[in-house]
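>>> Need the 3D shape of this:
(chains A and B)
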Number of protein chains: 2
Amino acid sequence: MSLTISIDAMGGDHGTKVTIPASLDCLKNNPDLTLILVGDEAVLKPLLAQELVAYSGRLSIQHASQCVEMHESPAKVLKNKKDSSMRVAINLVRDGVADACVSAGNTGALMATARFVLKMIPGIDRPAIISTLPSIHGHTHVLDLGANVDCTAEHLFQFAVMGNELVKAVEGIDNPRVGLLNIGEEDMKGNEQVKSAAKLLGLSTLNYIGYVEGDSLNAGSVQVDLIVADGFVGNVALKSIEGAAKMIGFALKEAFSKNYLTKLAGLLAYPVLKSFKKRIDPRLYNGASFLGLRGLVIKSHGGADVLAFKTAIQLAEVEVKQDVIRKISEQVEKTLALRNNA
Amino acid sequence: MSLTISIDAMGGDHGTKVTIPASLDCLKNNPDLTLILVGDEAVLKPLLAQELVAYSGRLSIQHASQCVEMHESPAKVLKNKKDSSMRVAINLVRDGVADACVSAGNTGALMATARFVLKMIPGIDRPAIISTLPSIHGHTHVLDLGANVDCTAEHLFQFAVMGNELVKAVEGIDNPRVGLLNIGEEDMKGNEQVKSAAKLLGLSTLNYIGYVEGDSLNAGSVQVDLIVADGFVGNVALKSIEGAAKMIGFALKEAFSKNYLTKLAGLLAYPVLKSFKKRIDPRLYNGASFLGLRGLVIKSHGGADVLAFKTAIQLAEVEVKQDVIRKISEQVEKTLALRNNA
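Numbering: from 1, shown residues only, chains lettered A, B, ... in the order given. Take a look at the predicted model:
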């Protein structure tokens, strides 16, 4: 199945230094893939002179005269950056030229632009950001990771419905185990939104397993496939995990760097430490999907390197192949119909 | 300076198996310390026959006929467990017999009982739970870790005032750097409570450094001494970090257990891995303080082992010596006076 993805070539902390090699790697790996690199033609053309020939028909440049900076406000970007590489890449999805768009640009601006250009799936109030974390059971999908603060129970429920379809499609499982992030597993725990969302989920057709605590994101006592949270809470949890991993990596490095003996031990343990690092490498989990929009947008970490950005493109490939947006839209429609008939 | 601490000897997952050896270790280490072990005399007396003689005058048993179970509801405990080891240990603080109380019992019940028995410091609306996390800069104090959901800006501000005094006293620093947990560092980020709390903190005499993200708990780009959060968010962050550490430990163990060669590498790296584990050993960070009450209560992790429970008792010793409750009460009074005069 052939598929086309538009790449915001200028986005992210490293711009074309990362987006171009990652794109070329993906083209090499997947003969069904077509990429449209969006950005300043004067910059991109010389960098891709040979490849435009080598991948003729599968690689093209779409000119965009502007760039979105990493700290620009979404409102300003919407107003003043109508010809940004980010916006033009999303326009290609709207126009049906591309099946998905990948950007490492500023999250707020990307979300605002995607929402403005692509519009929401009818029945969904707010878009949400979903991504994957490694866990001792494999991995866990989590949403919302920061698109929304102050979510109502209905928002949390909508996130669960959308996330459930994504997990089914991407993981190829029938009944993902869905948990609701809370500060305890007992019924009485939590705030009003979470308690009401638990009721909605309990009455739904989802495989809702109940409340889960923060440790379930990486290391719950049972496998959870999808964890639903308010965007404030989900974002803090994600960043806390990033910080913990960074600190532990720092302490490990420190311990092995203490003196000659520890350095020697580190040398001997190097292959093991390398395979360990690979198991939890955040670059292999890069790529967050925006759910709730009428088109597929994948956000890469701003600081992504080539491997990480490649992972984000590959995530887009999988979601396009699995027709995630259509499945979500259909499920949302079904859920609404069920509710209206109830 | 002599000090007396009451120990809920029956609390926690392991009860006396942990509380007694940890208590005896602390008595051995600090000749100024007196401990009152609270629990069923018929159980405790035979276990302490020799030690009651050896530590005569510094170790005693206070009988309590009931135990609080780990999953009992706070309301039921308050009503039906008036002679529990937990309640009696807190009563000793109220009556001035003990300077602080340490319990590994059920958090909700401990908080409800402590609040009921000890009452709040005038001017503080809600008690909060504060604890310490290891960070690449040393460590970070964080509150609230789960006593409250749905905090207002005023609550967050009160947490900051109390936490600031605790950090000053315990760390011996003049102007702790105070951060507010948020989902971004820019002014526009966050929910209404956090934005309003930022204004209150900005106008205060605290050394408020602004918003910090979840990664600052363990690995911020700058040192933050105190991080203030809503209890829901703080609890999820704490548990997420626990889960991340567990998962990373699991992956590390897995990597070193793969085959004979990796096991040999593990053996050679053993001293290094041991010193690394010690650096981030959660047992050395065990012990959370309840702030806002007119008496000192330290909550140990329910699953604490001897070393961890000892750490919690030692935390109580430090907070008693530093007269934390008096300092907090005075600061709250000053803050209120300032505001009333403004």
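>>> For the rest of this, base every contact and every neighbour count on C-alpha atoms.
Fine.
>>> Chain A: strands as residue ranges?
A:3-8, A:33-39, A:59-63, A:100-103, A:128-135, A:138-143, A:177-181, A:207-212, A:226-228, A:288-291, A:296-299 (DSSP state E).
>>> Pipe these into TSV and attach distance to chain B per row.
Formatted as TSV, the strands of chain A follow (distance: least, Cα to the nearest Cα, whole Å):
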stretch	distance to chain B
strand A:3-8	23
strand A:33-39	27
strand A:59-63	31
strand A:100-103	19
strand A:128-135	6
strand A:138-143	10
strand A:177-181	8
strand A:207-212	10
strand A:226-228	12
strand A:288-291	16
strand A:296-299	17
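>>> Export those strands to CSV and append columns for distance to residue B:283, mean neighbour count and mean pLDDT.
Listed next are the strands of chain A as CSV, based on distance: least, Cα to Cα, whole Å; neighbours: other Cα atoms under 10 Å in any protein chain shown; pLDDT from 0 to 100:
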stretch, distance to residue B:283, mean neighbour count, mean pLDDT
strand A:3-8, 46, 26, 98
strand A:33-39, 51, 25, 98
strand A:59-63, 55, 20, 97
strand A:100-103, 42, 29, 98
strand A:128-135, 23, 24, 94
strand A:138-143, 27, 23, 94
strand A:177-181, 25, 26, 97
strand A:207-212, 23, 19, 96
strand A:226-228, 28, 28, 97
strand A:288-291, 35, 25, 96
strand A:296-299, 38, 27, 98
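>>> Reformat those as CSV; add distance to residue A:160.
Below are these laid out as CSV (distance: least, Cα to Cα, whole Å):
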stretch, distance to residue A:160
strand A:3-8, 26
strand A:33-39, 30
strand A:59-63, 36
strand A:100-103, 22
strand A:128-135, 10
strand A:138-143, 8
strand A:177-181, 7
strand A:207-212, 9
strand A:226-228, 6
strand A:288-291, 11
strand A:296-299, 18
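>>> List the buried residues in stretch A:13-23.
Residues of stretch A:13-23 classed as buried by neighbour count (16 or more other Cα atoms under 10 Å in any protein chain shown): A:13-16, A:18-23.
>>> and which of those is nearest residue A:199?
Within those, the smallest distance to residue A:199 is 42.3 Å, found for residue A:13 (Cα to Cα).
>>> pLDDT score assigned to the closest one?
Note on residue A:13: pLDDT of 95.
>>> measure residue A:50 to residue A:44 for me?
According to Cα to Cα, to the nearest Å, residue A:50 stands 12 Å off from residue A:44.
>>> pLDDT weak spots in the stretch 51-200 of chain A?
Under the criterion pLDDT under 70, no range of the stretch 51-200 of chain A is flagged.
>>> show me what contacts residue A:110?
Going by Cα atoms under 8 Å, 6 or more residues apart in numbering or on different chains, residue A:110 touches A:74, A:86, A:103, A:299.
>>> Just the residues contacting stretch A:299-308, thanks.
Outside stretch A:299-308, the residues that touch it by Cα under 8 Å, 6+ apart are A:11-14, A:18-19, A:21-22, A:102-107, A:110, A:282-290, A:309, A:312.
>>> list the buried ones in it?
Buried, per 16+ other Cα under 10 Å, within stretch A:299-308: A:299-302, A:304-308.
>>> Centre of the chain to it, how far?
Here stretch A:299-308 is found 11 Å from its chain centre; the criterion is Cα atoms, centre = their mean, to the nearest Å.
>>> Stretch A:288-304 now?
5 Å.
>>> what's the span of it from first residue to last?
For stretch A:288-304, the end-to-end distance is 12 Å (Cα to Cα).
>>> Quick one: the helices in chain A, in order.
Here chain A has its helices, by DSSP state H, at A:16-29, A:41-47, A:49-54, A:74-80, A:85-94, A:107-118, A:153-171, A:192-203, A:216-219, A:231-256, A:260-268, A:270-279, A:306-321, A:324-341.
>>> any idea of the mean pLDDT in the first one?
So that's helix A:16-29. What helix A:16-29 shows for mean pLDDT is 97.
>>> Which elements pack onto it?
Helices and strands touching helix A:16-29, by 3 or more Cα pairs under 8 Å, 6 or more residues apart in numbering or on different chains; DSSP states H and E, are strand A:33-39, helix A:306-321.
>>> about what we covered before: can you redo the buried residues of stretch A:299-308 as JSON lines with distance to residue B:265?
Below are the buried residues of stretch A:299-308 laid out as JSON lines (distance: Cα to Cα, whole Å):
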{"residue": "A:299", "distance to residue B:265": "39"}
{"residue": "A:300", "distance to residue B:265": "36"}
{"residue": "A:301", "distance to residue B:265": "34"}
{"residue": "A:302", "distance to residue B:265": "36"}
{"residue": "A:304", "distance to residue B:265": "32"}
{"residue": "A:305", "distance to residue B:265": "30"}
{"residue": "A:306", "distance to residue B:265": "31"}
{"residue": "A:307", "distance to residue B:265": "28"}
{"residue": "A:308", "distance to residue B:265": "29"}
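>>> what does the stretch 51-200 of chain A put close to chain B?
Contacts of the stretch 51-200 of chain A with chain B, taken as Cα under 8 Å from any Cα of the partner chain, map to A:135-136, A:146, A:149-150, A:181-183, A:190-191.
>>> give me that answer again for 10 Å
By the rule Cα under 10 Å from any Cα of the partner chain, the part of the stretch 51-200 of chain A lying against chain B is A:71, A:73, A:108, A:133-137, A:145-150, A:181-184, A:186, A:188-192.
>>> which one is residue A:94 nearest to, not counting chain neighbours?
Nearest in space to residue A:94, with sequence neighbours left out and distances taken as Cα to Cα, 6 or more residues apart in numbering or on different chains, is residue A:118 at 5.7 Å.
>>> in terms of contact, does that neighbour touch residue A:90 like I think?
Yes: under the criterion of Cα atoms under 10 Å, residue A:118 makes contact with residue A:90 at 7.7 Å.
>>> Need the overlap of contacts for those two.
Jointly contacting residue A:118 and residue A:90 under the rule Cα atoms under 10 Å, 6 or more residues apart in numbering or on different chains are A:295-297.
>>> For residue A:342, give me the pLDDT.
Reported pLDDT for residue A:342: 64.
>>> domain assignment for chain A?
Domain segmentation of chain A under automatic domain parsing yields A:1-123+A:292-323, A:125-285.
>>> The ones you listed: which one's closest to residue B:199?
Closest to residue B:199 of those is domain A:125-285 (Cα to Cα; 18.6 Å).
>>> Pull up the distance across the closest one, start to finish.
Using Cα to Cα, one end of domain A:125-285 lies 27 Å from the other.
>>> Next: stretch A:165-183.
End to end - Cα to Cα - stretch A:165-183 spans 26 Å.
>>> Enumerate the positions of it that are buried.
For stretch A:165-183, by 16+ other Cα under 10 Å, it's A:165-170, A:176-183.
>>> And those, which is closest to residue A:317?
Checking the buried residues of stretch A:165-183 one by one against residue A:317 (Cα to Cα), the nearest turns out to be residue A:170, at 10.5 Å.
>>> quick one, what contacts that closest one?
Neighbouring residues of residue A:170 by Cα under 10 Å, 6+ apart: A:164, A:315, A:318-324.
>>> In ChimeraX, how would I select just the buried ones from these?
Buried residues among these (16+ other Cα under 10 Å), as a ChimeraX selection:
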select /A:164,315,319,320,322,323,324
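>>> follow-up on the earlier one: between residue A:118 and residue A:90, which has more neighbouring residues?
Set residue A:118 next to residue A:90 and count neighbours by other Cα atoms under 10 Å in any protein chain shown: residue A:90 wins out with 32 against 19.
>>> any idea how far residue A:320 is from chain B?
To chain B, residue A:320 is 29 Å away according to Cα to the nearest Cα, to the nearest Å.
>>> Name the nearest residue to that residue, sequence neighbours excluded.
Nearest one to residue A:320, counting by Cα to Cα, 6+ apart, is residue A:99 at 6.5 Å.
>>> what sits against that neighbour?
Neighbours of residue A:99 in contact, by Cα under 10 Å, 6+ apart: A:3-6, A:34, A:90, A:92-93, A:295-297, A:316-317, A:319-321, A:323.
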